[in-house]
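Visitor: what shape does this take:
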Amino acid sequence: MSLKQQIDADIKQAMLAKNKDELKALRSIKSMILLAETDKGANGELSSDAEMKLLAKAVKQRKDSAAIYQEQGREDLYQVEMDEAEVIERYLPKQLSEDELKAELQSIIANVGASGPQDMGKVMGAATKALAGRADGKAISTMVKTLLTQ
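Guide: As a prediction, this is how the structure comes out:
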């Protein structure tokens, strides 16, 4: 079942359960998918890789907004954004733990032959492709810097 079909089915479930918060998040995902499919240059279908990037972007947007709301003391809006991010994260692959990420990056560094901070670009290029959807870009970057400066 494609992501779009899965979301349609989950929208129906949320409607039957009268779960307004989940329904709002699911509709926003569906909207993002439809917009991406109809973008100029798109062929009407998204690859699974493009879908994962879209979902990761949506989660990042929600978490960034939540952080701003928390700084401003708006707990009500903070909770709404975090709830939506949690719903969207269900459709993403399981995120790597810090230890798993470190192990993956160490093998990528060995494969690329990186020896220091000057090789960060090579490592980041390989790492972002290999870990797409399974780790946040900021977490990857931070871990690569740490590993290359050791």
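Visitor: hey, let's count contacts and neighbours off CA atoms from now on
Guide: Noted.
Visitor: where does the spatially most central residue of the chain sit, in terms of helix or strand?
Guide: The residue lying closest to the centre of the chain (C-alpha atoms, centre = their mean) is Ala56, at 1.9 Å. In this assignment (DSSP states H and E), Ala56 forms part of helix 48-71.
Visitor: before we move on, the earlier item: make sure the residue nearest to the centre of the chain is actually in contact with Gly133.
Guide: Yes: at 6.5 Å, Ala56 counts as touching Gly133 under the criterion of C-alpha atoms under 8 Å.
Visitor: shared neighbours, these two?
Guide: Leu92 (C-alpha atoms under 8 Å, 6 or more residues apart in numbering).
Visitor: related to what we said a few turns ago, any idea of the pLDDT on the residue nearest to the centre of the chain?
Guide: With respect to pLDDT, Ala56 has a value of 85.
Visitor: for it, what are its contacts?
Guide: Counting by C-alpha under 8 Å, 6+ apart, Ala56 has contacts Glu89, Leu92, Gly133.
Visitor: buried residues in the next helix-or-strand element following the helix holding Ala56?
Guide: Following helix 48-71 in sequence order, the next helix or strand is helix 75-89 (DSSP H and E). Neighbour-count burial for helix 75-89 flags Tyr78, Glu81, Met82, Asp83, Glu84, Ala85, Glu86, Val87, Ile88, Glu89 (criterion: 16 or more other C-alpha atoms under 10 Å).
Visitor: and the helix or strand just after helix 75-89, what other elements does it pack with?
Guide: For helix 75-89, the following helix or strand on the C-terminal side (DSSP H and E) is helix 98-112. Applying 3 or more C-alpha pairs under 8 Å, 6 or more residues apart in numbering; DSSP states H and E, one finds that helix 98-112 makes contact with helix 120-130, helix 137-148.
Visitor: how about Tyr78: what's its closest non-neighbour residue?
Guide: Ala66 (4.5 Å; C-alpha to C-alpha, 6 or more residues apart in numbering).
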